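Colleague: Okay, predicted coordinates and the sequence, questions at the end:
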Amino acid sequence: MRQLIGILLAAVLAAFAAPAPAQTFPTRPLKLLVAYPPGGASDLLARLVAEALAKRLGQPVVVENRAGANGNVAGEAAAHAEPDGYTLLLGPSSVFTINPHLYAKMQFDPLKDFVPIASLVQNELVLTANTQLTAGMDFKAFIEFARTSKPPLFYASIGIGSEHHLAMELLKRAAGIDLTHVPYRGGGPAALGVIGGSAAAMFGGGSAVHLVKSGQLHALAVTGPTRSKVLPDLPTIAEFYPGYDVTLWQGLFAPAGTPPAVVARLRQEAAAVRVLPEIAQKLAAAGAGEPWVLSNAEFAARIRADYAKFGHVIDEIGAKVQ
C-alpha cells in the first residue's frame, strides 16, 4: 500500500511539475502554409505576419507557398498536418466559404478540420467598367443601363467560382439585372478584357485600384460595408441594396485538435501582430487590404455566414469544379 501511495504521489507531483504546452511552445520553427505563389498579396501578408510572429514566439516561422486548386492544396496539407501548432495555414476566405460548394470532391472539410486562430486582413472589391461605354455614369446609371441592354452586357471575372464572379451574381439578384459571365484566367487578363471592350464590367481587387487611378478603368462602387479609404468618393453597393457585402478576407488557422493552450498562445500573439502599424502601412501601400480585427466568436460567425451566402448562390447558378 505504501508503495502504491508513493507511486501515486510521484505521478501527481510530476504532473504539477511538468510545464504546460503554452509555457514550452514553441521549441522549434513553425511553418506557415500559403495558398498562392510568391509575389502576390497573400505572400506579402504571410511574410509580414511570419516575421512579426517569429519575434514574439522566439522561433523562426517559415513561409511555404503551396499554390493550386484555389487554395485547396495548401488547405489539405495544413488540415492533415500534426495538430501541434507547428503547422499553420494563412487561409483565404475562398477555401472556407466557396470551395466546399464549388469542388465536387475535397480531401478535407475546412469547417471541421481547422480551428480559427485570428482574423487578419480584409479587402473589398471595386466594380469597374469600360471607360468609353460607361463615360459619365455613376453606379445607379450603370444599373439602369445594364437593365435595358439587349442583349445583356458581358461581365468579366478572374474565374468561375471566384469571389469576383459571385459578387456580380449577387449584384444581379439584388438589382434585378441580367449580365453574361465571361471568365478569364486571372485578374490581369480580365482587366484587359474590360479595358479593351470585350466585357463591359468586372469586380476587381487591389490591382484594379491602380487602373482606376490611371484612368484605364471607370470605378462605380465598392462591395464592402463601408466606403473605401482608398476610393472614398465611391458609394458602397449596400447604400443602394442594404445587406450587400462581399469582402475577401484572410485569417490564421491551425489544424483541429491543436491543444487549447497552444491555440490560446497563438491567438494572443496573432492578435498583437495584426494591429502593428508597420504591417498596416505595407499592406496599404501594396493594395493588399487592411487589418481585420474580430473577436474569436465574431470570426467564427463570419465564416459560417459567408459559407451559407456563397453556398446559396453557387447552388443557384450550378457552378461546379471537378
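Modeller: Good, I have the coordinates.
Colleague: OK, contacts around the nearest residue to residue 104 once chain neighbours are set aside?
Modeller: Closest residue to residue 104 apart from its sequence neighbours, by CB to CB, 6 or more residues apart in numbering: residue 322 at 5.2 Å. C-beta coordinates here come from the backbone N, C-alpha and C atoms, glycine included. Residue 322 makes contacts with 103, 104, 105, as judged by CB atoms under 8 Å, 6 or more residues apart in numbering.
Colleague: Same question for residue 60.
Modeller: Contacts of residue 60 (CB under 8 Å, 6+ apart): 29, 30, 54.
Colleague: would JSON lines of these with distance to residue 204, pLDDT and secondary structure be doable?
Modeller: Formatted as JSON lines, the contacts of residue 60 follow (distance: CB to CB, whole Å; pLDDT from 0 to 100; DSSP: H, G, I helix; E, B strand; the rest coil):
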{"residue": "29", "distance to residue 204": "37", "pLDDT": "98", "secondary structure": "coil"}
{"residue": "30", "distance to residue 204": "34", "pLDDT": "98", "secondary structure": "strand"}
{"residue": "54", "distance to residue 204": "33", "pLDDT": "98", "secondary structure": "helix"}
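Colleague: of all these, which comes closest to residue 71?
Modeller: Taking CB to CB as the measure, residue 71 sits nearest to residue 30 out of the contacts of residue 60, at 19.7 Å.
Colleague: From residue 183, how far out is that closest one?
Modeller: For residue 30, the distance to residue 183 equals 36 Å [CB to CB, to the nearest Å].
Colleague: on that earlier part again, out of the contacts of residue 60, which are buried?
Modeller: With burial judged by 16 or more other CB atoms under 10 Å, the buried subset of the contacts of residue 60 is 30, 54.
Colleague: and of the contacts of residue 60, the nearest to residue 244?
Modeller: For those, the residue nearest residue 244 by CB to CB is residue 30; the value is 38.0 Å.
Colleague: who touches the closest residue to the closest one other than its chain neighbours in this structure?
Modeller: Nearest residue to residue 30, sequence neighbours excluded (CB to CB, 6+ apart): residue 61, at 4.7 Å. Residue 61 makes contact with 29, 30, 31, 32, 49, 50, 51, 53, 54 under the criterion CB under 8 Å, 6+ apart.
Colleague: Can I get the contacts of residue 60 in JSON lines including distance to residue 239?
Modeller: Shown next, in JSON lines, are the contacts of residue 60 (distance: CB to CB, whole Å):
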{"residue": "29", "distance to residue 239": "47"}
{"residue": "30", "distance to residue 239": "43"}
{"residue": "54", "distance to residue 239": "42"}
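Colleague: top strand in the protein by residue count?
Modeller: strand 114-124 (DSSP state E).
Colleague: which secondary structure elements does whatever helix or strand comes next after that strand contact?
Modeller: Next in sequence after strand 114-124, counting helices and strands by DSSP states H and E, comes strand 126-129. Packing contacts for strand 126-129, counted by 3 or more CB pairs under 8 Å, 6 or more residues apart in numbering; DSSP states H and E, involve helix 139-148, helix 187-196, strand 201-204, helix 206-213, strand 218-222.
Colleague: Which of these sits closest to residue 71?
Modeller: Among the helices and strands packed on strand 126-129, helix 187-196 sits nearest to residue 71 (CB to CB), with 15.7 Å.
Colleague: for the record, mean pLDDT for that closest one?
Modeller: Taken as a whole, helix 187-196 carries a mean pLDDT of 95.
Colleague: elements contacting it?
Modeller: strand 126-129, strand 153-157, strand 201-204, helix 206-213.
Colleague: can you list those in CSV and add mean pLDDT and distance to residue 224?
Modeller: Listed next are the helices and strands packed on helix 187-196 as CSV, based on pLDDT from 0 to 100; distance: least, CB to CB, whole Å:
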stretch, mean pLDDT, distance to residue 224
strand 126-129, 98, 10
strand 153-157, 97, 18
strand 201-204, 97, 12
helix 206-213, 88, 13
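Colleague: Many thanks, I have nothing further to ask.
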